[in-house]
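Asker: Give me a model of this one.
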Amino acid sequence: MNWINAFELLCYALTAILLVDIIKARDWKELQVFLSGALAGFTLELGAVRLTDIYHYSDLYYLTIGIPPY
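Answerer: Okay, here's the model as predicted:
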């Protein structure tokens, strides 16, 4: 496992902890804020990668969306 995979797994773990905490607290407004932020961030990131072609993602990630180099 390299540092990219370790970082990716850490991000997934932190996101899972946050979601479990939100669901256990039954704070549905906070869940809506999280999902809205995640969707906006994903959309902006995907748009930046596809439109500007400034950078690309590593092929070493466990979870990738789209075909290389996206």
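Asker: Could you list the low-pLDDT ranges of the protein?
Answerer: Within the chain, the segments meeting pLDDT under 70 span 66-70.
Asker: quick check: longest helix of it.
Answerer: Scanning the chain for the longest helix, with DSSP state H as the assignment, gives helix 28-52.
Asker: which other helices and strands contact that one?
Answerer: If you count contacts as 3 or more Cβ pairs under 8 Å, 6 or more residues apart in numbering; DSSP states H and E, helix 28-52 packs onto helix 3-25. To be clear about C-beta, it is placed using only N, CA and C from the backbone, and glycine gets the same treatment.
Asker: Contacts for the helix it packs on next, please.
Answerer: Applying Cβ atoms under 8 Å, 6 or more residues apart in numbering, the external contacts of helix 3-25 come out as 30-31, 34, 58, 60-63.
Asker: can you put those residues in CSV and add neighbour count and distance to V49?
Answerer: Converted to CSV, these look like this (neighbours: other Cβ atoms under 10 Å; distance: Cβ to Cβ, whole Å):
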residue, neighbour count, distance to V49
E30, 14, 28
L31, 15, 27
F34, 15, 22
S58, 12, 12
L60, 12, 16
Y61, 12, 13
Y62, 10, 18
L63, 6, 15
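Asker: among those, which two are most distant?
Answerer: Greatest spatial distance among the contacts of helix 3-25 (Cβ to Cβ): E30 and L60, at 32.6 Å.
Asker: ok, and the closest non-adjacent residue to Y62?
Answerer: Excluding its sequence neighbours, the residue lying closest to Y62 (Cβ to Cβ, 6 or more residues apart in numbering) is E8, at 5.9 Å.
Asker: what about the one you found, how many neighbours?
Answerer: Neighbourhood size, E8 [other Cβ atoms under 10 Å]: 17.
Asker: what's the distance between it and L44?
Answerer: Distance, E8 to L44, by Cβ to Cβ, to the nearest Å: 19 Å.
Asker: try M1
Answerer: Counting by Cβ to Cβ, the gap from M1 to L44 is 29 Å.
Asker: Same check on W28?
Answerer: Counting by Cβ to Cβ - W28 and L44 are separated by 24 Å.
Asker: Thanks a lot, catch you later.
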